[in-house]
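Q: sequence and predicted structure, then a few things I'm wondering about:
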Amino acid sequence: MPMEGYRLNPWISQEQITSIVKKLAERISEDYGERELVLVCILKGAFIFFSDLIRHLQIPVKVDFVRLASYGSGMKSSGRIEITKDIETPIEGKDVIIIEDIIDSGRTLQFLKDRFSLLNPHSIKICALLDKKAHREVEIEGDYIGKEVEDVFIVGYGIDFNENYRNLPEIYYVTPTGQPKE
Ligand code: IMP
Ligand code: MG
């Protein structure tokens, strides 16, 4: 049920998402081989992407989760980042990939990368389904990017608007009623 005043515009179909996710999984499988890989999912937004991605990997992995409070509510980031659930897997000496739904300002990933670096992993890379590159406020690059997107507000496939729409199987962009993107 759409929220009053907003329209959900279908954007990336289930088929397109599957093809993006498979390609990312192939690249990761090729790059890491038998190394001891720990994949860290950023809750909540990346949970569906994460669960699909790991099932396409052809290499052994361990999984863990972090929960960050960063976006506040609505469409604007609060700029303040807090960790509300930390990883439980030791990552010292391990190869780590952080799995994120969308890179926007880049602040969330910079915060996590800095924090994980203190634990002396062998390497840390970033995999994100979507990248709003034009919106970056800090210098951070994704290593595995599913798709670059323009600055629109996105929901579906795990990604929310005020905690709604995470369950939608495809990706939509949100516009105020009466103003479609194109
Ligand atoms: P950053 O710290 O600004 O890079 O913010 C990244 C976080 O903001 C992501 O984990 C998303 O949860 C959230 N975010 C960024 N863009 C959108 C969007 O279009 N829809 C929903 N959440 C978004
Ligand atoms: Mg998020």
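A: Ah, there it is. Note that the structure is predicted; figures quoted are calculated from it, not measured. Ligands and ions are numbered 1, 2, ... in the order given.
Q: might one say that Tyr165 is in contact with Tyr173?
A: No - with contact defined as CB atoms under 8 Å, Tyr165 does not count as touching Tyr173 (11.4 Å). To be clear about C-beta, it is placed using only N, CA and C from the backbone, and glycine gets the same treatment.
Q: in the chain, which spans are helices?
A: Secondary structure of the chain (DSSP state H): helices at 14-32, 47-56, 107-117.
Q: so for ligand 1, which of those helices sits nearest?
A: helix 107-117 (3.2 Å; CB to the nearest ligand atom).
Q: sheet partners, orientation included, of the lowest-mean-pLDDT helix or strand in the chain?
A: Using mean pLDDT, DSSP states H and E, the weakest-scoring helix or strand in the chain turns out to be strand 82-85, at a mean of 94. If you go by DSSP bridges, strand 82-85 pairs up with strand 61-69 (antiparallel).
Q: got the contact list for the strand it pairs with?
A: By CB atoms under 8 Å, 6 or more residues apart in numbering, the residues outside strand 61-69 that reach it are 36-44, 50, 54, 81-89, 108, 111-112.
Q: please apply the same query to stretch 160-173.
A: Applying CB under 8 Å, 6+ apart, the contact partners of stretch 160-173 are 3, 6, 8-14, 17, 44-45, 47-48, 73-75, 130, 152-159, 174, 181.
Q: residue numbers of this structure in contact with ligand 1?
A: Within the chain, the positions adjacent to ligand 1 are 45, 70-71, 77, 100-108, 153-154, 159 by CB under 6 Å from any ligand atom.
Q: which of these count as buried?
A: 45, 70-71, 77, 100-108, 154, 159 (16 or more other CB atoms under 10 Å).
Q: hmm, which of these is lowest in pLDDT?
A: Ranked by pLDDT, those bottom out at Tyr71 (53).
Q: okay, now the unreliable bits of this protein?
A: For the chain, applying pLDDT under 70 flags the ranges 1-3, 70-79, 178-182.
Q: what number of residues lie near Gln110?
A: Using other CB atoms under 10 Å, Gln110 is surrounded by 17 other residues.
Q: one more: Val21?
A: That count, for Val21 with other CB under 10 Å as the rule, works out to 21.
Q: can you tell me the closest non-neighbouring residue to it?
A: Asp52 (5.0 Å; CB to CB, 6 or more residues apart in numbering).
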